[in-house]
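In: Predicted structure and sequence below. I'll ask about it afterward.
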Amino acid sequence: MEKILEVEEIIRLLNEDFVGEIEATLIYVRNAFIMDRCDPSRVTGDIAIDEMRHMWWLADLIVKRGGKPRMEHKELDFGGDDLKSQLERQIALETEGIERYKQQIDAINDAEVVGVLKHILDEEKRHRKEFRMRLERINE
Ligand SMILES: [Fe+2]
Ligand SMILES: [Fe+2]
């Protein structure tokens, strides 16, 4: 695979990640309030804070390379109003992020960026596991 060296292209990819993190933050904050079971609500709220930290890390990388963070997001899909469909939606969001970060880690040739993306990737994997555990408990 040809490595991405162009700084503009790296900024563009980091901004895609940034928008994904805004989306996850907003969806999880809302869902944490809607969920009436204490444990999934608390876990979703805690993970929303992780996603906001990812925004900070990405914004730092973007600004250091001369870019500006894109403060926008797509239309939000919260996954409906029941706990099961919300957890399924949250698992899908983590999977999207995991796939995006994996591809970028392979493609980008910038050690600092790759280091941060690997750290975020590990956290997204842990998030997906946490949400999957709560989904399994509902299905029991
Ligand atoms: Fe994240
Ligand atoms: Fe996550």
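Out: Great, that's in hand. Ligands and ions are numbered 1, 2, ... in the order given.
In: What distance do you get for the nearest residue to Lys102 once chain neighbours are set aside to Met35?
Out: In this structure, Lys102 finds its nearest non-sequential neighbour in Leu121, 6.6 Å apart by CB to CB, 6 or more residues apart in numbering. For the C-beta atoms, the positions are set from N, CA and C on the backbone; glycine is no exception. Per CB to CB, to the nearest Å, Leu121 is found 26 Å from Met35.
In: Show me where this protein has its helices.
Out: For the chain, the helices defined by DSSP state H cover 7-34, 38-64, 83-107, 111-139.
In: What parts of this protein come near ligand 2?
Out: 94, 124, 127 (CB under 5 Å from the ion).
In: Does the first one touch Glu124 like I think?
Out: Yes. Contact status for Glu94 versus Glu124: in contact at 5.2 Å, counting by CB atoms under 8 Å.
In: Which one of these two is surrounded by more residues?
Out: For Glu94 versus Glu124, neighbours defined as other CB atoms under 10 Å are more numerous around Glu124 (26 against 23).
In: got the contact list for the residue nearest the centre of the chain?
Out: The centre of the chain sits closest to Glu21, judged by CA atoms, centre = their mean, with a distance of 4.4 Å. Shown in contact with Glu21 (CB atoms under 8 Å, 6 or more residues apart in numbering): 51-52, 54-55, 58, 97.
In: ok, 6 Å please
Out: With CB atoms under 6 Å, 6 or more residues apart in numbering as the criterion, the residues that contact Glu21 are 51, 54-55.
In: want to throw those residues into TSV with distance to ligand 1?
Out: TSV is the format used below for the contacts of Glu21 (distance: CB to the ion, whole Å):
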residue	distance to ligand 1
Glu51	4
His54	4
Met55	8
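In: For ligand 2, state which of those is nearest.
Out: Nearest to ligand 2 among these, counting by CB to the ion, is Glu51 at 5.4 Å.
In: That closest one - how many residues pack around it?
Out: Neighbours of Glu51 using other CB under 10 Å come to 25.
In: ok, now Ala24?
Out: Residues lying near Ala24 (other CB under 10 Å) number 25.
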